[in-house]
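In: Just a sequence and a predicted model for now, questions to come.
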Amino acid sequence: MRIVFVSTGLSASDSYPSPNEGGQVQIWGIAREMANLGNTVTILCRGNGSASANGVQLLRIPVEIPDKVLAGMPSQLAFSLRAAGYISRIVPPPDVTILNFRLSAMAISHLRIPKIYTVHVPEAFGFMKSASVAANPLNLPLYYIKRMAETDVMKHSDQLIVQNHWIKEYIETLGYDDARIAVVPNAVDLRDFPPQSDADDSYVLFVGRLDWNKRPEMVLEAFARLDKELQNRYTVRIIGTGYSARKVRERARALGISGRVQFLGFLPRSEVLRQISRCSVLVLPSLYESFPVVMLEGMACRKTVIASDIPGPQDAISSGKNGLLFKSSSLDQLVEMIRLALSDDAFRRQIGRSARGLVESQYTFVSTAREYLSVASSISADDL
């Protein structure tokens, strides 16, 4: 098959062939496996010139508008228009075009070609609106812009892919046919996570945006309520940036634990994976998720992942067997889960081994690429 992926259209994010961000990591991993299976695969991304890596063609499309203007929205829309022009001139046309980000997909979604749209982040759906606006009233106009774009792209796509069953059921309530929605979870490349010893440098790790949804301050609150013995044995490391960064630092000081917390900011993906591979536990206290990549990365590193009991983590983690789940509204439960994991080295190792086994059997790009190809074949140009 001839397959075209459309990336985000942002300069900082479209860093193929070495992407740092979750959605782009998924595109790259799936594209490589599709190419390995004999398909002709192209990724349209932001930049200049073209290249080839791992059997995947990278076509970089220049856009002069800086990403910093209006949170990158104008540059993504300009990218979408140029990418649509490129796709419409391809001879022979692609069998399937896979869209991944609502704004960069808008113009392309109106082309009369077979299209799949992958919903990576559910932030444009109604169930996230109230919490988002409560965190920052300025999120209200952004929500409506995102919802308008999301709705337009979904309406004009032949097939939708989501990462968990709850989101599939939610989209069905919006009037979309069950047959148009496939559940394909995120994945990892096991070559990035070779079997290794149980390295443990005695720290609790958070990886993600510093914002209202990821809730890094909840990790600090929980750590501050641990026994002093555990606080003296372990530290906390926070990886990520976001508009809540100052607030999170101030919270660490207010809790009296700033001396036990390291804020590492943005790190290249290779360093993030190294930090995950040496942590004691990885905590994901999010309010909402699709299917967090960092969860799979922690599990692939044979780590105990402690996550909110919400759709996404619920799909992968069997609490007490290959990870731990806590009620997302209960700080007490999170404290107890962290205490349980940090107090028992053998328990953590057992959880980590089971987590690695699950990833090996269900969440690799090899299996995910085949699922995407199955969806693609059902709507490809040859079948329309």
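Out: It's in.

In: What are the neighbouring residues in contact with G256?
Out: When contacts are counted by C-beta atoms under 8 Å, 6 or more residues apart in numbering, G256 touches A224. Any C-beta I mention is one placed from the backbone N, CA and C, and that applies to glycine too.

In: Give me the three-state assignment for it.
Out: Following DSSP: H, G, I helix; E, B strand; the rest coil, G256 is assigned to coil.

In: Which phi and psi values does it adopt?
Out: Here is the backbone geometry of G256 (degrees, to the nearest 10): phi 80, psi 20.

In: what about it, distance to E221?
Out: 12 Å (C-beta to C-beta, to the nearest Å).

In: Then Y117?
Out: 37 Å.

In: Between these two, tell me which one has more neighbours.
Out: Y117 (26 against 18; other C-beta atoms under 10 Å).

In: Quick check: closest non-adjacent residue to that one.
Out: In this structure, Y117 finds its nearest non-sequential neighbour in S157, 3.8 Å apart by C-beta to C-beta, 6 or more residues apart in numbering.

In: Could you give the number of residues near that neighbour?
Out: 23.

In: what does V91 give?
Out: Other residues near V91 number 4, with proximity taken as other C-beta under 10 Å.

In: Helix or strand: which one has it?
Out: Assessed by DSSP states H and E, V91 sits outside every helix and strand.

In: tell me the contacts of the closest residue to E289 other than its chain neighbours?
Out: Nearest residue to E289 in three dimensions, chain neighbours excluded: G312, at 3.8 Å (C-beta to C-beta, 6+ apart). Counting by C-beta under 8 Å, 6+ apart, G312 touches Q163, N164, E289, S290, F291, P292, M295.

In: distance of the closest residue to the fifth one other than its chain neighbours from T241?
Out: Taking C-beta to C-beta, 6+ apart as the measure, F291 lies nearest to Q163, with 3.4 Å between them; neighbours along the chain are not counted. When distances are taken as C-beta to C-beta, Q163 and T241 turn out to be 24 Å apart.

In: Give me the more crowded residue out of these two.
Out: More crowded of Q163 and T241, by other C-beta under 10 Å: Q163, with 25 against 16.

In: where does the more buried one fall, phi/psi-wise?
Out: For Q163, the backbone dihedrals (degrees, to the nearest 10) come out as phi -100, psi -10.

In: and R302, helix, strand or coil?
Out: Of the three states, R302 takes coil according to three-state DSSP.

In: swap that for L160, sorry
Out: Using three-state DSSP, the three-state assignment for L160 comes out as strand.

In: partner residues bridging it?
Out: Beta-bridge pairing of L160, defined through DSSP bridges, involves Y117, I181.

In: what's it in contact with, if anything?
Out: Going by C-beta under 8 Å, 6+ apart, L160 touches I116, Y117, T118, V119, M154, I171, Y176, R180, I181, A182.

In: Relative to R215, how far out is the closest residue in space to F127 that isn't next to it in sequence?
Out: Distance criterion C-beta to C-beta, 6+ apart; nearest residue to F127, sequence neighbours excluded, is Y170 at 6.7 Å. Relative to R215, Y170 is positioned 21 Å away (C-beta to C-beta).

In: Looking at those two, which has the bigger crowd around it?
Out: Between Y170 and R215, counted using other C-beta under 10 Å, R215 has the larger neighbour count: 23 against 17.

In: okay, now the domains of the chain?
Out: According to automatic domain parsing, the chain comprises the domains 2-187+364-383, 190-362.

In: what pLDDT, on average, does the first one get?
Out: Averaged across domain 2-187+364-383, pLDDT comes to 95.

In: rewinding a little: T118 is in contact with the residue nearest to Y117, correct?
Out: No. S157 is not in contact with T118 according to C-beta atoms under 8 Å; the separation is 9.4 Å.

In: picking up where we left off before, and which of the contacts of G312 is nearest R46?
Out: Here the nearest of these to R46, counting by C-beta to C-beta, is S290; it sits at 23.0 Å.

In: which one is that closest one nearest to, not counting chain neighbours?
Out: Of all residues not flanking S290 in the chain, Q163 sits nearest, at 4.1 Å (C-beta to C-beta, 6+ apart).

In: coming back round to it: could I get the contacts of L160 as CSV with distance to S132?
Out: Output for these, formatted as CSV (distance: C-beta to C-beta, whole Å):
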residue, distance to S132
I116, 27
Y117, 22
T118, 21
V119, 17
M154, 19
I171, 19
Y176, 22
R180, 26
I181, 23
A182, 27
